[in-house]
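Novice: Whatever this is, show me its structure:
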Amino acid sequence: AYSRKWKNNVHAGLGIAFLNFGMMDAYDAGGNPEGKVQANETAITGGLSKQVNNNFSIGGNLKFVYSILGQYISTGAAVDAGATWTSDDSLFTASVVLRNLGFQLLTYVEGMREPLPFTAEAGVNFKPRHMPFRFNIVAHQLQRFDLTYNQFLKSNSIDLSGEQSFAPEATFGEKVFRHF
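Specialist: This next block holds a predicted model:
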């Protein structure tokens, strides 16, 4: 990774991340060995940030990703963006971040475009006066309100007594607090 400060409170950076899963044994659907395959992923990121004034700063990244999973190869492009506001006394900070807003350029399987793992997050940080610690609250997955997962929510399940059972739907409060 490399970062440099330019004039007018602009910072620029470049980074490369490589994750190598190594060589693995490959098997067909029947469990028969088919030799060895490799798997690795690479991300090349370039970013800019600017302190707009004493309280507000913004930034963004442009990412190119490359993935090899055995015989399957995929590439993609994504953007990250964020903004931060800090109070004059630095006791309160609020930020919002959008990550992985993008798409596949080359799909693993022709005609099967998969979404990138887009996420929206917001956080606040508060330091009480005369105390040596800070409180942080971060809300994640804000792009989707209902994070409830229950595989039996709408199915016709039978309980042990032979009666039909349905899982109760999550309440509004449960759905809100799943983001923290």
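Novice: Phi first, then psi, for the residue most central in space within the chain.
Specialist: The chain has Thr119 as the residue nearest its centroid, 4.9 Å off, counting by Cα atoms, centre = their mean. Backbone torsions for Thr119, taken as degrees, to the nearest 10, come to phi -150, psi 150.
Novice: quick one: pLDDT of it?
Specialist: Per-residue confidence (pLDDT) for Thr119: 95.
Novice: Name the nearest residue to it, sequence neighbours excluded.
Specialist: Closest residue in space to Thr119, ignoring its immediate chain neighbours: Arg99 at 5.0 Å, by Cβ to Cβ, 6 or more residues apart in numbering. Yep, even glycine has a C-beta here, placed from its N, CA and C like the rest.
Novice: do the same with Thr84
Specialist: Nearest non-adjacent residue to Thr84 (Cβ to Cβ, 6+ apart): Ser95, at 4.3 Å.
Novice: next one: Leu98
Specialist: Closest to Leu98 by Cβ to Cβ, 6+ apart is Ala81, at 4.9 Å.
Novice: Would you agree the one you found is in contact with Leu62?
Specialist: No: counting by Cβ atoms under 8 Å, Ala81 does not reach Leu62; the two are 10.1 Å apart.
Novice: What's the mean pLDDT across stretch 97-113?
Specialist: 92.
Novice: Any idea what the closest residue to Val52 other than its chain neighbours is bridged to?
Specialist: In space, Val52 comes closest to Ile58 once its chain neighbours are excluded; the distance is 6.3 Å by Cβ to Cβ, 6+ apart. Counting by DSSP bridges, Ile58 is bridged to Lys50, Ala83.
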